[in-house]
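Asks: Sequence and predicted structure, then a few things I'm wondering about:
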Amino acid sequence: MFVKTAGIPPESRYVGSASCERCHRGEHEDWAASQHTKMMRRPETPGAVVADFASPNAPFPLSEVHWVIGGKWEQQFMGHNGATETLLPGAWHNATRRWQLVGWDGWNQPIPLERCHGCHTVGLDVETGHFIEPNIGCESCHGPSSWHVETLGLGRVASVADSEACGQCHARGRNRNGRLHFPTGYRPGGDLDESFELSAPNGLQNDSDWWARQPSCPT
């Protein structure tokens, strides 16, 4: 009974979404079919690349692409400079079927480890760049689950994905030292304010769509 009622140990580690499938098969299937699994894929993954690299306007060849980001509304791309990932200067817009070559500030700060990886990977180590898995995994919303796995499901995880868990990625801001564009040290179930300084709407964004805390994450 103690294991069931104990808090989540602070040393609990991220172990990846595959560890959830055996006991949570239905939920795992729903997650696997969601857009969350399509946020950071290798270009050789079937169906990952929707951009037209045969277009004369393609700003770089597909051979330079190390990771493909998204693909429902638009698609961006990471390369690799031999030391770390770099954000490549061009985005494909699905609605217009065109490449966007100018106008996004991220290309002026093209280091995904500082801008992207906090939301597009699970279990990121911001010092080394190592992560447990790409995409938005089960533990992105439920926190590190090694304790849960090792205790055969008796140990707790953050079982309710509240709006703070959503807000860690579906909001804009910086971590508390201002260096990174995502929270550091936050675990689902905790207080996002402790690790994230939210930006306010800038006038170009709709206040009604801006992230705000709610009792639970919309599904």
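Replies: Received the coordinates, thanks. Keep in mind that what you see is a predicted model, and the values were worked out from it rather than measured.
Asks: And the chain, what are its domain boundaries?
Replies: 40-134, 160-219 (automatic domain parsing).
Asks: can you put the ones you listed in CSV and add mean neighbour count, mean pLDDT and distance to Ser145?
Replies: No exception for glycine: its C-beta is placed from N, CA and C like everyone else's. Shown next, in CSV, are the domains of the chain (neighbours: other Cβ atoms under 10 Å; pLDDT from 0 to 100; distance: least, Cβ to Cβ, whole Å):
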stretch, mean neighbour count, mean pLDDT, distance to Ser145
domain 40-134, 16, 91, 10
domain 160-219, 15, 77, 10
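Asks: what's downstream of the top helix by length along the chain, the next helix or strand?
Replies: If you go by DSSP state H, the chain has its longest helix at helix 25-32. Counting by DSSP states H and E, the next helix or strand C-terminal to helix 25-32 is strand 67-70.
Asks: can I get the CA coordinates of the one helix or strand Glu164 maps to in PDB?
Replies: Glu164 belongs to helix 163-167 when assigned by DSSP H and E. Output of helix 163-167 as PDB, limited to C-alpha atoms (Å, rounded to 0.1, in the frame of the first residue of the first chain):
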ATOM      1  CA  SER A 163      -3.100  22.700 -18.500                       C
ATOM      2  CA  GLU A 164       0.300  23.400 -16.900                       C
ATOM      3  CA  ALA A 165       1.600  20.200 -18.600                       C
ATOM      4  CA  CYS A 166       0.100  21.500 -21.900                       C
ATOM      5  CA  GLY A 167       1.400  25.000 -21.300                       C
END
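Asks: what's stretch 55-73 in contact with?
Replies: 35, 38-43, 45, 48-53, 75-80, 85, 88-90, 93-95, 98-99, 101, 112, 116, 120, 134 (Cβ atoms under 8 Å, 6 or more residues apart in numbering).
Asks: Recalculate using a threshold of 6 Å.
Replies: For stretch 55-73, contacts defined as Cβ atoms under 6 Å, 6 or more residues apart in numbering pick out 35, 38-41, 43, 48-50, 53, 76-80, 88-90, 99, 101.
Asks: what does stretch 90-99 give?
Replies: Outside stretch 90-99, the residues touching it (Cβ under 6 Å, 6+ apart) are Ala51, Asn57, Pro59, Glu74, Gln75, Gln76, Gln100, Leu101.
Asks: Pro112 touches Glu85, doesn't it?
Replies: Yes: judged on Cβ atoms under 6 Å, Pro112 makes contact with Glu85 at a distance of 4.6 Å.
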